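**Q** sequence unknown, structure follows:
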């Protein structure tokens, strides 16, 4: 069993990661970051979070942070909500694990941490996750936690995604 926490970042770290500047991201961030997190696979994510938190700094406490392995003192991926709950109480979660750290339980641990938080937040009623149809490990993981497919959507960055939801209280 891995022991992780999700470490939140600030706008300065988002800016550096969006620019692919690992040195600046490490100077701004609360934990050492990895080349994967500053690499091209993650830059679109950080640009989106930078822009979001520049518009509303309060979102930084909700949006994507670093999956931090407490035992190994290592950044292994990114996870968080897409933002605070909307007016209906819906939050969407996302996570990605560095390919060199996959298949070790990090995605499961990050999902559990996010679901635990959702279950304790009074304004959260439903949790959503959107997953590409070819990402069978993530689909399987979501189904294990009670997510139900409710539709499909097109994401300009990721293409076709299946949309899954669950009641937040189911996650506790």
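**A** Here it is on my side, so go on. Since we're looking at a predicted model, the values are computed, not measured.

**Q** residue closest to the middle of this structure?
**A** When C-alpha atoms, centre = their mean is applied to the chain, the residue found nearest the centroid is residue 79 (2.3 Å).

**Q** what strand or helix carries that one?
**A** strand 74-81 (DSSP states H and E).

**Q** tell me the pLDDT at residue 171?
**A** With respect to pLDDT, residue 171 scores 45.

**Q** ok, then the element right after the strand holding residue 79?
**A** Next helix or strand after strand 74-81 toward the C-terminus (DSSP H and E): strand 90-97.

**Q** which neighbours does that next one have in its sheet, and in what orientation?
**A** The pairing partners recorded for strand 90-97 under DSSP bridges are strand 74-81 (antiparallel), strand 126-131 (parallel).

**Q** list the buried residues of the next helix or strand after that strand.
**A** As assigned by DSSP H and E, the chain's next helix or strand after strand 90-97 is helix 106-120. When neighbours are counted by 16 or more other C-beta atoms under 10 Å, the buried residues of helix 106-120 are found to be 106-111, 113-115, 117-118. (C-beta placed from N, C-alpha, C; glycine too.)

**Q** how near is the closest residue to residue 90 other than its chain neighbours to residue 39?
**A** Leaving aside its sequence neighbours, residue 90 sits nearest to residue 126 (C-beta to C-beta, 6 or more residues apart in numbering; 4.7 Å). Distance of residue 126 to residue 39, given as C-beta to C-beta, to the nearest Å: 32 Å.

**Q** so those two - more neighbours on which side?
**A** residue 126 (19 against 13; other C-beta atoms under 10 Å).

**Q** what's near enough to touch that one?
**A** 88-91, 165-168 (C-beta atoms under 8 Å, 6 or more residues apart in numbering).

**Q** same question for residue 154.
**A** Residues near residue 154 by C-beta under 8 Å, 6+ apart: 160-161.

**Q** returning to what we had before: would you list the buried residues of helix 106-120 in CSV and tack on pLDDT and distance to residue 43?
**A** Conversion of the buried residues of helix 106-120 to CSV gives the following (pLDDT from 0 to 100; distance: C-beta to C-beta, whole Å):
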residue, pLDDT, distance to residue 43
106, 97, 21
107, 94, 20
108, 95, 26
109, 97, 24
110, 97, 20
111, 96, 23
113, 96, 24
114, 97, 22
115, 96, 27
117, 95, 26
118, 96, 27
